[in-house]
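1. this one's structure only:
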């Protein structure tokens with residue numbers, strides 16, 4: 001199971017634009033089933049109460065993966081772990097045994113990433129699909145994107161570490177986000193944008209054409225990432241994505257139709 005994002009990226013007319021998929025973060029099988037009811041594209045497993053990339057227990061992840069029966073791609077985080085190669089390696093191995101499609105690894109600032117990346121490269125040779133998570137509010141060095149690609153990572157995404165600083169669009173300029181997306185695509189990496197995203201962020205992010213946009217707080221009761229999923233909030237985000245995509249398609253068509 002999984003989505004093949006590493007094939008050829010065919011360039012087509014701008015009138016037919018790339019539609020970013022929707023990733024919904026959930027912390028239980030019950031929430032995963034709610035997400036399925038709204039036909040989200042990727043189900044992401046994490047425990048928001050434990051940090052930016054708080055992890056669920058591997059046994060719980062296994063239960064959710066089994067319950068979803070390969071209906072949608074599933075990603076999972078390994079937690080807010082220190083950048084120690086052996087610690088990260090062991091956590092990724094254990095999470096891989098659950099059967100998730102993608103494993104998200106947070107690369108935190110002020111620590112040595114090189115040893116971690118080199119050790120994880122041995123796992124990508126076994127077809128374990130790794131997603132590197134960089135934190136936009138910590139001014140990450142986007143020159144590292146090439147290093148992740150060379151190590152065999154499947155994808156890379158931007159998130160935010162401090163959820164009180166605002167959404168992704170408030171902590172990183174759109175021009176920098178565009179550069180991130182373009183660089184990730186240049187190296188044929190699956191590319192995601194997340195970080196306290198709200199419905200109002202969608203119209204500015206969708207034209208960047210990331211492979212997916214990730215949501216948690218905007219899908220929850222009172223927009224609190226540690227609260228339960230709210231079906232009304234889920235529908236609001238789905239509607240906002242559809243409307244923004246419709247506008248983007250119409251604009252591109254009108255532009256290409258001009259003499």
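-> Structure's in. What do you need? All figures in this text were calculated on a predicted structure; none of them were measured in a lab.

2. residue 177: which element?
-> Assigned by DSSP states H and E, residue 177 belongs to helix 174-186.

3. could you list the residues in contact with that helix?
-> Contact with helix 174-186 is made by 9, 136, 142, 145, 155-156, 158, 168-169, 190-191, 193, 204-205, 208-210, as judged by Cβ atoms under 8 Å, 6 or more residues apart in numbering. From N, CA and C alone the C-beta is placed, and that goes for glycine too.

4. 7 Å instead, please
-> Contacts of helix 174-186 with the rest of the structure, by Cβ atoms under 7 Å, 6 or more residues apart in numbering, involve 9, 142, 145, 156, 158, 191, 193, 204, 208, 209, 210.

5. now do the helices in this protein.
-> 29-37, 58-68, 85-96, 114-124, 145-150, 168-171, 174-186, 202-205, 231-257 (DSSP state H).

6. to residue 217, which of these lies closest?
-> helix 231-257 (9.1 Å; Cβ to Cβ).

7. now do that closest one against helix 29-37, angle only.
-> 30 degrees (axes from the mean of the first three to the mean of the last three Cα atoms, to 10 degrees).

8. show me what helix 231-257 packs onto, helices and strands only.
-> Packed against helix 231-257 by the contact rule (3 or more Cβ pairs under 7 Å, 6 or more residues apart in numbering; DSSP states H and E) you find helix 202-205.

9. gap between the helix it packs on and the chain center?
-> 16 Å (Cα atoms, centre = their mean, to the nearest Å).

10. with stretch 29-47 instead?
-> Between the centre of stretch 29-47 and the centre of its host chain there is 13 Å, according to Cα atoms, centre = their mean.

11. rewinding a little: Throw the helices of the chain into CSV and include distance to residue 51 and mean pLDDT, thanks.
-> Below are the helices of the chain laid out as CSV (distance: least, Cβ to Cβ, whole Å; pLDDT from 0 to 100):
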stretch, distance to residue 51, mean pLDDT
helix 29-37, 18, 96
helix 58-68, 16, 97
helix 85-96, 14, 97
helix 114-124, 18, 95
helix 145-150, 22, 97
helix 168-171, 17, 96
helix 174-186, 22, 97
helix 202-205, 24, 96
helix 231-257, 22, 80
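
12. tabulate those (CSV), appending mean neighbour count and distance to residue 102.
-> Converted to CSV, these look like this (neighbours: other Cβ atoms under 10 Å; distance: least, Cβ to Cβ, whole Å):
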stretch, mean neighbour count, distance to residue 102
helix 29-37, 17, 15
helix 58-68, 17, 12
helix 85-96, 17, 10
helix 114-124, 17, 12
helix 145-150, 18, 14
helix 168-171, 20, 19
helix 174-186, 16, 15
helix 202-205, 18, 20
helix 231-257, 15, 20
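
13. now those in JSON lines, with distance to residue 75?
-> Converted to JSON lines, those look like this (distance: least, Cβ to Cβ, whole Å):
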{"stretch": "helix 29-37", "distance to residue 75": "12"}
{"stretch": "helix 58-68", "distance to residue 75": "10"}
{"stretch": "helix 85-96", "distance to residue 75": "10"}
{"stretch": "helix 114-124", "distance to residue 75": "15"}
{"stretch": "helix 145-150", "distance to residue 75": "16"}
{"stretch": "helix 168-171", "distance to residue 75": "18"}
{"stretch": "helix 174-186", "distance to residue 75": "16"}
{"stretch": "helix 202-205", "distance to residue 75": "19"}
{"stretch": "helix 231-257", "distance to residue 75": "18"}
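
14. looking at those helices, spot the one closest to residue 103.
-> Ranking those by proximity to residue 103 (Cβ to Cβ) places helix 85-96 first, at 5.1 Å.

15. tilt between the closest one and helix 58-68?
-> Put simply, helix 85-96 runs at 30 degrees to helix 58-68, going by the same axes, to 10 degrees.

16. helices and strands around helix 85-96, which ones?
-> Applying 3+ Cβ pairs under 7 Å, 6+ apart, one finds that helix 85-96 makes contact with helix 58-68, strand 102-106, helix 114-124.

17. name the residues that touch the second one?
-> When you say that, I think you mean strand 102-106. Strand 102-106 is touched from outside by 52-53, 73, 75-78, 80, 88, 92, 95-96, 128-133, 154, with contacts defined as Cβ under 7 Å, 6+ apart.

18. fine, thanks again, bye for now.
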